[in-house]
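Engineer: Let's see this in three dimensions:
(one chain, ligands or ions: 1)
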Amino acid sequence: MKAVIYTEYGPPSVLKITEWERPRPRNHEILVRVKASTVSAGVIWVRQGQYPGSWLFTFLLRLFNGIRRPKHPILGYEFSGMVEAIGAGVSSFKPGDEVYGTTTGLNNGAYAEYLCVPEKWKLGVVKLKPQSLGFKEAAALPVGGMTALQLLQKTGLKKGRRVLIYGASGSVGTYAVQIAKYWGANVSAACSPSNGEWIRNLGAEAILDYHNLDFLPEKEKFDVVFDAVGKFEKRTLKLLLKKGGTFSSVKSLTHESLEKLEALEKMVEAGALNPVLDRTYALDEIVAAHEYVDLGHKKGNVVVICDASSNIGDH
Ligand SMILES: NC(=O)c1ccc[n+]([C@@H]2O[C@H](COP(=O)([O-])OP(=O)(O)OC[C@H]3O[C@@H](n4cnc5c(N)ncnc54)[C@H](OP(=O)(O)O)[C@@H]3O)[C@@H](O)[C@H]2O)c1
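Structural biologist: Numbering: from 1, shown residues only. So this is what the prediction gives:
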């Protein structure tokens, strides 16, 4: 099968298209014909072998992925696709099922034509794909969606409360705006002014320029501030957060679960949550896809099409 492998940490050019042995599903595994994956911020850090601005996170990243060089050659943490074959012990999926999920904690990622994942495991998720999501949208939902959901849940955000989503134009940010809106919160978004209009369309009532977060009068301050890009300067907090308000950041540990994915699917079915897609690349263009995301300005999610043989369309 065709796969993208990397054998050293570094710039996008470390990613090489190659012929790789097609995996075979073991007892409790399913073999997925991968349709789409993503280039997330997390994949970039792992490819580089370092987490910007944190020795601790870099150390943990290298501990899991290989101290000197990557020990898991295939990247790609999100996927959508079709079940091609199942192991003898699999009971919840059958060949032909359309699925989506993550590869968190597994040895191989989704930048390949085929991927084996367990039917169930502790760190990641795989689930039947909702009919209303296309393969591209489904691949882009799990990581950003579950992260935004968990970290907003942690703040206790309620209907009518004022929340600021800082870094609203990234993957986590676009999900956070829509989830907070769905819960009935009064949503403000901090982003570049050029992104203001489409983020307003996601449900933000006010747009603040993230380059210029001026002092706000007390009544305009927020009950909750959520840093969705991990770049919030804490000294700005007292300028924006009400006394007793809650701060949450993507620089926290999160945990994936089928329950979280189900909660997101309910919002999708209600028409309240739509994955925001930026550019789409073919698997052969993986270097260009990473170069684009490396620039740090993607809007929502960048998708990689892993199955060149089928037209997976927008829906
Ligand atoms: N805890 C977890 O489990 C978890 C899961 C997923 C992601 N994350 C982390 O979450 C972070 C965000 O990932 P992501 O994929 O959602 O975002 P992303 O797509 O990488 O963010 C890019 C967006 O952020 C905006 N941005 C850049 N610098 C900014 C700043 N200083 N202030 C406000 N906005 C800024 C950019 O807008 P402009 O173009 O206008 O600059 C761009 O649209 C990453 O650090 C990632 O590692 C954590």
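
Engineer: use CA for all of it now, contacts and neighbours both
Structural biologist: Fine.

Engineer: Now the element after the lowest-mean-pLDDT helix or strand in the chain, going C-ward?
Structural biologist: Least confident element among the helices and strands of the chain, by mean pLDDT, DSSP states H and E: helix 237-240 (a mean of 85). Downstream of helix 237-240, the first helix or strand assigned by DSSP states H and E is strand 241-249.

Engineer: Show me which residues of the helix or strand following that following strand are buried.
Structural biologist: Using DSSP H and E, the helix or strand that follows strand 241-249 in sequence is helix 258-269. Across helix 258-269, burial judged by 16 or more other C-alpha atoms under 10 Å covers 258, 260-261, 264-265, 268.

Engineer: Likewise for stretch 46-59?
Structural biologist: Neighbour-count burial for stretch 46-59, counted by 16+ other C-alpha under 10 Å, picks out 46-51, 58-59.

Engineer: Those in helices, which ones?
Structural biologist: Among the buried residues of stretch 46-59, DSSP state H puts 46-48, 58-59 in helices.

Engineer: Now for these: which two are most distant?
Structural biologist: Comparing every pair within those by C-alpha to C-alpha identifies 47 and 59 as the most remote, at 14.0 Å.

Engineer: domains in the protein, as residue ranges please.
Structural biologist: 2-141+275-305, 144-249 (automatic domain parsing).

Engineer: end-to-end on stretch 283-298?
Structural biologist: 18 Å (C-alpha to C-alpha, to the nearest Å).

Engineer: what about it and the ligand, any contact?
Structural biologist: Yes: using C-alpha under 6 Å from any ligand atom, stretch 283-298 reaches the ligand at 296-298.

Engineer: And for stretch 120-139?
Structural biologist: No: using C-alpha under 6 Å from any ligand atom, stretch 120-139 never reaches the ligand; the gap is at least 11.4 Å.

Engineer: Give me the contacts around that stretch.
Structural biologist: 35-38, 78-81, 97-105, 117, 119, 255-258, 265, 268-269, 274-277, 303, 305, 312-315 (C-alpha atoms under 8 Å, 6 or more residues apart in numbering).

Engineer: Okay, and which of those residues map to strands?
Structural biologist: Among these, the members falling in strands (DSSP state E) are 35-38, 78-81, 98-102, 117, 277, 303, 305.

Engineer: Residue 276 is in contact with residue 173, isn't it?
Structural biologist: No: with contacts counted by C-alpha atoms under 8 Å, residue 276 stays clear of residue 173, the gap being 10.2 Å.

Engineer: what residues are shared contacts of these two?
Structural biologist: In contact with both residue 276 and residue 173: residue 300, using C-alpha under 8 Å, 6+ apart.

Engineer: Tell me the confidence at residue 235?
Structural biologist: Per-residue pLDDT puts residue 235 at 81.

Engineer: Same question for residue 264.
Structural biologist: Looking at residue 264, its pLDDT is 98.

Engineer: How much space separates it from the ligand?
Structural biologist: 15 Å (C-alpha to the nearest ligand atom, to the nearest Å).

Engineer: residues in contact with residue 81?
Structural biologist: Residue 81 sits next to 32-36, 98-100, 135 when contact means C-alpha under 8 Å, 6+ apart.

Engineer: Out of those residues, who's the most crowded?
Structural biologist: Neighbour tally across the contacts of residue 81 (other C-alpha atoms under 10 Å): the maximum, 33 neighbours, falls on residue 36.

Engineer: Now for residue 11: which residues touch it?
Structural biologist: 47-48 are the contacts of residue 11 under C-alpha under 8 Å, 6+ apart.

Engineer: So that it lines up with my notes, have the first residue be 17 from now on.
Structural biologist: Sure, I'll start counting at 17 from here, so that last one is residue 27.

Engineer: Flag every residue of the chain that's near the ligand.
Structural biologist: 56-58, 159-160, 163, 182-183, 185-189, 207-208, 226, 244-247, 266-270, 312-316.

Engineer: Give me the subset of the residues you listed lying in helices.
Structural biologist: 57-58, 159-160, 163, 187-189.

Engineer: From those residues, pick the one nearest residue 298.
Structural biologist: Comparing these against residue 298 with C-alpha to C-alpha places residue 57 closest, at 18.3 Å.

Engineer: Just the element for the residue nearest to the closest one when sequence neighbours are not counted, please.
Structural biologist: Leaving aside its chain neighbours, residue 57 sits nearest to residue 309 (7.5 Å; criterion: C-alpha to C-alpha, 6 or more residues apart in numbering). Using DSSP H and E, residue 309 sits within helix 302-310.

Engineer: I am finished for the moment; much appreciated.
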